[in-house]
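1. sharing a sequence plus its predicted fold:
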Amino acid sequence: MNVHGNKVESRYHEVYAKAVADPEGFWAEAAKEIDWIEPAKKIFDPDQGPYGRWFAGAVVNTCYNALDRHAAGGRADQLALIHDSPLTGSVTRLTYAEMLREVETLAAIIQDFGVTKGDRVIIYMPMIPEAVIAMLACARIGAVHGVVFGGFAARELAVRIDDAQPKLILCASCGIEPGRIVQYKPLVDEAIYLASSKPDAVVVFQRPQHICELKPGQDHDWAALRSAALAKGHKAPCVPVQATDPLYILYTSGTTGIPKGVVRDNGGHLVALKWTMANFYSVQPGEVWWCASDIGWVVGHSYIVYGPLIHGATTVMYEGKPVGTPDAGAFWRVISDHKAVALFTAPTAFRAIRKDDPEGRLIGNYDLSSMRVLFLAGERADPPTVEWAEQQLKLPVIDHWWQTETGWTIAGNPVGLGVLPVKYGSTGVPMPGYIVDVVDEAAKLVPVNTMGSIVIRLPMPPGNLPTLWAQDDRFIETYLTDFPGYYKTSDAGFKDEDGYIFVMGRTDDIINVAGHRLSTGGMEEILASHPDVAECAVLGIKDAIKGEVPCGFLVLKAGVTRSPSQIEKEIVALVREKLGPVAAFKLAITVGRLPKTRSGKILRGTMKKIADGDDWTMPATIEDPNALDEIGNALKDRSE
Ligand code: COA
Ligand code: AMP
């Protein structure tokens, strides 16, 4: 079956087998879609990096492939970007020629600050076209961008500044959330104050919704620099970089409060993303594609910015929410206004839409005839949500599984190669280049339909992280050590008899809140920093819309006389201040003690089952069985 409803045999099995039999031949063929300055000396060099590098010796420029070649190749007047913002009531359209002009101008401005190939630039911006322009301008001059999501607090930004040591920060005066303006500049200033590595300068894009004050000696006005550069015809050409040079760093939650800097290189990323656009997503150059994520996440990097532009498609950038901007028909309005052929979003967005419009009444108000398929990723797609979306849209709904580390899908249902039968609850089959196994603790394959750790055989395909920024050792220890010969995904699940993969949850302390990846370990560090807290545990508990939300259990220090409810409020505020509103940390509960094993391990798994209302059994190793009843009672009191 294809997305037009015609019965066609899927080419998946044939294509997948080809990639297994001859990975280098497969990716060399895919690489023909990219304009190289110099071809690779080795398609895969096993001797470089912790597990090898793709397209070693090749010279390329990512921005050239995303803009210049399309502008020169007949797409100059085609829209590259449509920015649709119900939060500001505006729609902005930029053709490939206009995008190129903006990007080459900003690239020259960035160079004027002394930024050259390999230097880092932090981008802390909301969902506005200038954020995409900033990313591409860095790519153009070989600078390495690090985009930080706007919902993170100053401390998180500071940690990233210290790790990336940027020469320059690009930011906007504000972000806009429903009902409130998020001032970015005070957060940037505080982060610079907290960081030990100080950037040389900050370039600020002033949004009319909030004009911030510029600090003399530090801040520069984006618009003024732009006008001056345009007046002089000041532009930067593309700087050739090695395919193996880093394009960007994207920080993601690790098991501690110190995030991991996932590195993406230029060559493998170009090849892999270009391959996915037609073969996985079934989108053709010139078509309008919409990925409703945020540029602060990997999904946004790959499929708001790079994938569609490398492919010559038109990308929709949406500054709004699935509900409340103004209603649960917002997504249908955007599809219908811009004639998008596909939408890619997180299941949480559909749960939110379904809650507000369970009968799907608002869908009927819009013309969705352009749309062929819905893609979901970022968290487990619960079968009821998938079925609801299918029934409402009468279109294929395709779940696919990936991680910040991989940059593109590990397993899915490749629409472009011909849709395979959909199995609810499964994220589909492995994509070419990925050999996915399910193993036990000794790295031995487990039988089909048996839960285990999901691992990917090395080498990972192009586009996957070659390492962590400046931390090869941490990369090897985190991903390559527990299961020799494999990359550890830290996801658990199983494979069925047809090779379909079912991803059931993480094996570490990462939780997924509204499609956002967060570390409970990082939150525990914040809770433990409160002077009245003796001990704590943070768990992800079920939430009907966000999938999971964090819940913190606190044990107060002996002798604390202040009211627990006051301390709980302070804890909620502290997480918001230190980690950011995106943590959605609203539940802190004081208990007399935490349930532990006799060896002192907190029984997080059992606590979670109690909080989720699931069946649970008393662990044989528990130190004091009453401690679990206390947890149950505390939760009951809270919900009453
Ligand atoms: N800048 C500043 N604050 C932000 C922000 C940003 N870029 N993004 C979110 N926040 C804030 C929100 O305003 C909210 O603050 P509040 O506690 O004051 O209400 C908080 O962070 C939590 O945000 P979010 O998890 O987005 O919840 P929400 O209630 O605003 O919206 C959904 C819920 C389901 C509508 C929303 O999460 C959604 O659209 N999710 C899609 C997920 C997605 O795109 N994931 C990317 C991976 S594919
Ligand atoms: P991130 O790095 O933020 O993209 O988060 C990656 C994690 O999200 C994965 O390790 C999974 O735990 C989860 N995830 C992403 N996509 C899916 C999916 N389609 N099904 C189940 N879990 C998913």
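-> Sure, I can see it. Ligands and ions are numbered 1, 2, ... in the order given.

2. for the rest of this, base every contact and every neighbour count on C-alpha atoms.
-> Noted.

3. which residues are in contact with the closest residue to Ala31 other than its chain neighbours?
-> Nearest non-adjacent residue to Ala31, counting by Cα to Cα, 6 or more residues apart in numbering: Val271, 5.3 Å away. Neighbouring residues of Val271 by Cα atoms under 8 Å, 6 or more residues apart in numbering: 27, 30-31, 33-34, 462-463.

4. try it again at 10 Å.
-> By Cα atoms under 10 Å, 6 or more residues apart in numbering, Val271 lies in contact with 27-34, 54-55, 307, 310, 462-463.

5. tell me the one among the residues you listed nearest to ligand 1.
-> Using Cα to the nearest ligand atom, Gly307 is the member of the contacts of Val271 that sits closest to ligand 1, with 14.6 Å.

6. ok, that closest one - contacts?
-> 66, 269-277, 299-301, 313, 315, 408.

7. could you check which residue of the stretch 451-600 of the chain lies nearest ligand 2?
-> For the stretch 451-600 of the chain, Cα to the nearest ligand atom, closest residue to ligand 2: Arg517, 4.4 Å.

8. buried residues in whichever helix or strand that residue is part of, which are they?
-> Assigning secondary structure by DSSP states H and E places Arg517 in strand 516-519. Neighbour counts over strand 516-519 (16 or more other Cα atoms under 10 Å) mark 516-519 as buried.

9. could you dump those residues into a markdown table with distance to ligand 1 and pLDDT added?
-> What follows is the buried residues of strand 516-519, written out as a markdown table (distance: Cα to the nearest ligand atom, whole Å; pLDDT from 0 to 100):
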| residue | distance to ligand 1 | pLDDT |
| --- | --- | --- |
| His516 | 6 | 92 |
| Arg517 | 8 | 91 |
| Leu518 | 11 | 92 |
| Ser519 | 15 | 91 |
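
10. if we can go back for a sec, where does the residue nearest to Ala31 sit: helix, strand or coil?
-> What DSSP: H, G, I helix; E, B strand; the rest coil gives for Val271 is helix.

11. what ranges do the strands span in the stretch 51-200 of the chain?
-> 53-56, 59-60, 79-85, 90-95, 120-124, 144-147, 168-172, 174-177, 180-183 (DSSP state E, counting those that start in this stretch).

12. distance check, the residue nearest to Lys546 when sequence neighbours are not counted against Thr252.
-> Once flanking residues are discounted, Lys546 sits nearest to Ala514: 4.1 Å by Cα to Cα, 6+ apart. From Ala514 over to Thr252 the distance is 15 Å, taken as Cα to Cα, to the nearest Å.

13. ok, His13 - contacts?
-> 417, 420, 429, 431-432.

14. next one, pLDDT for it please.
-> His13 carries a pLDDT score of 97 in this model.

15. again, but for Gly257
-> Taking Gly257 on its own, its pLDDT is 66.

16. sorry, back to before: can you add mean pLDDT, distance to ligand 1 and mean neighbour count and give the strands of the stretch 51-200 of the chain back as JSON lines?
-> Putting those into JSON lines (pLDDT from 0 to 100; distance: least, Cα to the nearest ligand atom, whole Å; neighbours: other Cα atoms under 10 Å) gives the following:
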{"stretch": "strand 53-56", "mean pLDDT": "98", "distance to ligand 1": "26", "mean neighbour count": "26"}
{"stretch": "strand 59-60", "mean pLDDT": "98", "distance to ligand 1": "29", "mean neighbour count": "24"}
{"stretch": "strand 79-85", "mean pLDDT": "98", "distance to ligand 1": "13", "mean neighbour count": "23"}
{"stretch": "strand 90-95", "mean pLDDT": "98", "distance to ligand 1": "18", "mean neighbour count": "14"}
{"stretch": "strand 120-124", "mean pLDDT": "98", "distance to ligand 1": "10", "mean neighbour count": "27"}
{"stretch": "strand 144-147", "mean pLDDT": "98", "distance to ligand 1": "12", "mean neighbour count": "28"}
{"stretch": "strand 168-172", "mean pLDDT": "98", "distance to ligand 1": "11", "mean neighbour count": "25"}
{"stretch": "strand 174-177", "mean pLDDT": "97", "distance to ligand 1": "5", "mean neighbour count": "20"}
{"stretch": "strand 180-183", "mean pLDDT": "96", "distance to ligand 1": "6", "mean neighbour count": "14"}
